[in-house]
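Colleague: Sequence first, predicted coordinates after that:
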Amino acid sequence: MTSTSTSLPLRGLNDLADLGDLDVLLTDPAFTEPAPPAGPERHARTYRRLAALGRHLGGVRALHERPDRMLAALEWAATVDPSLFLAGMVQHAVCAEGLLSVERPGAHLSGLIDRLDRQEAFGCILITELGWGNSHLSPATEAHFDPESRDFVLRTPEPAAAKFMAGVARADGRGRVGAVFARLMVGGEPCGVFPFAVYVHDGERPADGVTIRALPETTAVPLDYALVTFDGTRVPYDAWVRDNAEISPDGFFHDPLGDPERRLVRSLSVSSNASTSAAVALAAAARASVTVGLRYAGRRRTMGRLGADMPVLRYDTQREALYGALAETYACDLLVSSVREDYLLRRSAADDGDHQRPERPVWAPWTSVNREQALAKVAAVHALERAAGVSRARSGAQGLLAVNRLLEYEGLAHVFQAAAGDNLLIRLDAGKQLVEDAAYDPPPVSTLRPTDYSEPATPEMARALAVAREREMLRTLRRRSTERAEQDGRSPFDLWNPLLPHLVRLADAHIERLTLDCFAMNVARCDDPAALAALRPLQELYGAELLERNLGWHLEHLTISPADAAEVHRARERALEAVHPHVPALVEGLGIPGARLRAPIAEPDYVAAVTAACSPPSKIA
């Protein structure tokens, strides 16, 4: 690739943590040893890496005090090893954060935290159940309070209630500390959903009453996934991560929240950490993916008859695919950076959300904890799927080699369609919340009509049309839901079911508008002329792509004319041309060094790098 621009400090726009000090781990034996694609040896290596990362960072207590450091570590892990990231997110962002939220832990809980802190055990979360969807809303696993001993007894009432996809099959010889989500039962009555801290495996054997069955292997983010059931497993009173709820000495349950729905959201407030860390990490993996794709495309020579021996990136088909992925990657990264900043502000203020607000989860709890964080995770999954999928497809057979990392990153995106909150359920809940929240109103639509712009695909026009689209979709859904609610005899399902696809589209429109806003804000505050020269055409390309994707809606609703629709296509083509000279600087600005990437086709001499990655030559007699 050639460029008229110099290397630009574009990552400075995002103000993300410096990850360079973590790269020292790349020479640690745990990070240099090879391993098979899946299976016990692969999982054991993943946990050796997790232990090395934990030691380097100072343990779970140190990361709890430095959430910025936690996010940086998980971002780094996602680019180096997606399986390490998933294990690390569960350990640090979910399990340990949940246990450390207890202000005065007792001996049992303190002991488990000590084990995590010393890397003697790893954390896991046991929440999803095998037999039904939406199990987060109402897990069937029970924790019965024993008034005589003041212990809790965990039980799995039926096979369908087995905890599913927990990383506890224990391929490494260390114990497992589980945050087990269960219905608290006091005097035979359900009292809400709470997590319980359980030492499910001590490194040699499961705890009494715990049965662990390893699930079949998967190559998409391989980990030691398992089914877990409980049959009379006893845990002490202080294993109950109870927040401000309590059971009196005479056995009466009291919860100041006074509402099982609010308690559910409160118990799952740790999902704020999961949503944000997933968004940050997946955005980083998208940056890594498009870095691989563009570096290879810029050096890969083609022998096509139209023009032999030239880089494949000379072809507009490659530019259209890869530059579009680059634009979405930057746009998503800026959105995620904004969410990350808000998350850290909330953590510094000890604010984990307003659990008194009226929203109630219908399909899943994630948006009720924090809508913007959950939607940022949705956006990051989409950006990574596109970046990794396009880069793989445009890299030919090389894209299919595991050593070039693209399949690994694409698998991470596939897993996180469901992990850290199912993307469809997040969008359904978000769309319904937007419709029912009378206080929510999108920004005002520009007073200028589309025809007032000489070029309707400018970033300003793209944003104005995105606002108009969100506002109209919201207005229509509010009217339709009100009309349907006024019709007698409709169940909630009958009322909302025909509207569900529209709720998803509203949530997507909301994400698009937020992303355009973040892009515009970062461009506006950029005071580096060279960086601005690279960012502005990328912003134009992103806006033109969104307009092109939604042209049918805009033409149907008369927010754009047929003549202006044709101009959108031309504007996207002009933006592609304008982006091209800045691609090397934009790729450099993604901030993924080659040592961390370790993809042979991203190296300057990819032929030598791929050859070096091969096994020694065989000798055939």
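Modeller: Cool, got the structure. What you see is a predicted model; the values in this text were computed from it and never measured. Numbering: from 1, shown residues only.
Colleague: Return the distance of the nearest residue to residue 516 once chain neighbours are set aside relative to residue 386.
Modeller: Closest residue to residue 516 apart from its sequence neighbours, by Cβ to Cβ, 6 or more residues apart in numbering: residue 463 at 4.6 Å. Every C-beta, even on glycine, is put in place using the N, C-alpha and C of the backbone. Separation of residue 463 from residue 386 (Cβ to Cβ, to the nearest Å) stands at 21 Å.
Colleague: Likewise for residue 490?
Modeller: Using Cβ to Cβ, residue 490 is found at 39 Å from residue 386.
Colleague: When the two are compared, which one has more neighbours?
Modeller: residue 386 (21 against 13; other Cβ atoms under 10 Å).
Colleague: How about the contacts made by that one?
Modeller: By Cβ atoms under 8 Å, 6 or more residues apart in numbering, the residues touching residue 386 are 286, 324-325, 328.
Colleague: any idea which of those residues has the most stuff around it?
Modeller: residue 286 (34 neighbours).
Colleague: Which strand or helix spans that residue?
Modeller: helix 271-299 (DSSP states H and E).
Colleague: repeat for residue 62
Modeller: Using DSSP H and E, the element containing residue 62 is helix 60-65.
Colleague: I'd like the next helix or strand past that helix.
Modeller: helix 67-80.
Colleague: same for that following helix, what does it pack against?
Modeller: helix 40-57, helix 60-65, helix 82-88, helix 271-299, helix 316-348, helix 594-597 (3 or more Cβ pairs under 8 Å, 6 or more residues apart in numbering; DSSP states H and E).
Colleague: Looking at these, spot the one closest to residue 404.
Modeller: When those are compared by Cβ to Cβ, helix 271-299 sits nearest residue 404, at 6.5 Å.
Colleague: Taking helix 316-348 as reference, get the angle to the closest one.
Modeller: Helix 271-299 runs at 150 degrees relative to helix 316-348, counting by axes from the mean of the first three to the mean of the last three Cα atoms, to 10 degrees.
Colleague: going forward, begin numbering at 41 instead of 1
Modeller: From this message on, residue numbering opens at 41, which makes the last subject helix 311-339.
Colleague: Pairing partners for the helix or strand just after helix 311-339, with directions?
Modeller: Helices and strands here follow DSSP H and E; after helix 311-339, the next one along the chain is strand 341-342. Strand 341-342 has these partner strands in its sheet, going by DSSP bridges: strand 350-351 (antiparallel).
Colleague: Now do the partner strand: everything it contacts.
Modeller: By Cβ under 8 Å, 6+ apart, strand 350-351 touches 41, 337-342.
Colleague: I'd like these laid out as JSON lines, including pLDDT, neighbour count and distance to residue 203.
Modeller: Below are those laid out as JSON lines (pLDDT from 0 to 100; neighbours: other Cβ atoms under 10 Å; distance: Cβ to Cβ, whole Å):
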{"residue": "41", "pLDDT": "48", "neighbour count": "15", "distance to residue 203": "49"}
{"residue": "337", "pLDDT": "98", "neighbour count": "24", "distance to residue 203": "44"}
{"residue": "338", "pLDDT": "96", "neighbour count": "19", "distance to residue 203": "47"}
{"residue": "339", "pLDDT": "95", "neighbour count": "18", "distance to residue 203": "47"}
{"residue": "340", "pLDDT": "95", "neighbour count": "19", "distance to residue 203": "46"}
{"residue": "341", "pLDDT": "92", "neighbour count": "10", "distance to residue 203": "52"}
{"residue": "342", "pLDDT": "89", "neighbour count": "17", "distance to residue 203": "51"}
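Colleague: which of the residues you listed lies closest to residue 415?
Modeller: The closest of those, once distances to residue 415 are taken by Cβ to Cβ, is residue 337, at 30.9 Å.
Colleague: Does that closest one touch residue 353 like I think?
Modeller: Yes: contact criterion Cβ atoms under 8 Å: residue 337 and residue 353 qualify, at 4.3 Å.
Colleague: does residue 344 sit in a helix or strand, and which one?
Modeller: Applying DSSP H and E, one finds residue 344 in no helix or strand.
Colleague: What is the burial count for it?
Modeller: By the criterion of other Cβ under 10 Å, residue 344 has 11 neighbours.
Colleague: can you tell me how far it sits from residue 354?
Modeller: Computed as Cβ to Cβ, the residue 344 to residue 354 distance reads 10 Å.
Colleague: any shared contact partners between those two?
Modeller: With Cβ under 8 Å, 6+ apart, residue 344 and residue 354 have no common neighbours.
Colleague: What is the helix-or-strand element of the chain with minimal mean pLDDT packed up against?
Modeller: Lowest mean confidence among the helices and strands of the chain (mean pLDDT, DSSP states H and E): strand 203-207, at a mean of 88. Contact partners of strand 203-207 among helices and strands, from 3+ Cβ pairs under 8 Å, 6+ apart: strand 161-166, strand 215-226, strand 265-275.
Colleague: Could you check the last one and say which residues are buried?
Modeller: By neighbour count, with 16 or more other Cβ atoms under 10 Å as the criterion, the buried positions of strand 265-275 are 265-270, 273-275.
Colleague: of all these, which comes closest to residue 588?
Modeller: Nearest to residue 588 among the buried residues of strand 265-275, with distances taken as Cβ to Cβ, is residue 265, at 39.9 Å.
Colleague: Just list whatever residues bridge to that closest one.
Modeller: Bridge pairing for residue 265 - DSSP bridges - gives residue 207.
Colleague: how close does it sit to residue 311?
Modeller: Taking Cβ to Cβ, one finds residue 265 at 20 Å from residue 311.
Colleague: quick one: the helix holding residue 326 to strand 161-166, angle?
Modeller: Per the same axes, to 10 degrees, the angle that helix 311-339 makes with strand 161-166 is 100 degrees.
Colleague: wait, isn't residue 283 in contact with residue 305?
Modeller: No: Residue 283 sits out of contact with residue 305 when judged by Cβ under 8 Å, with a separation of 11.3 Å.
Colleague: No further questions, thank you.
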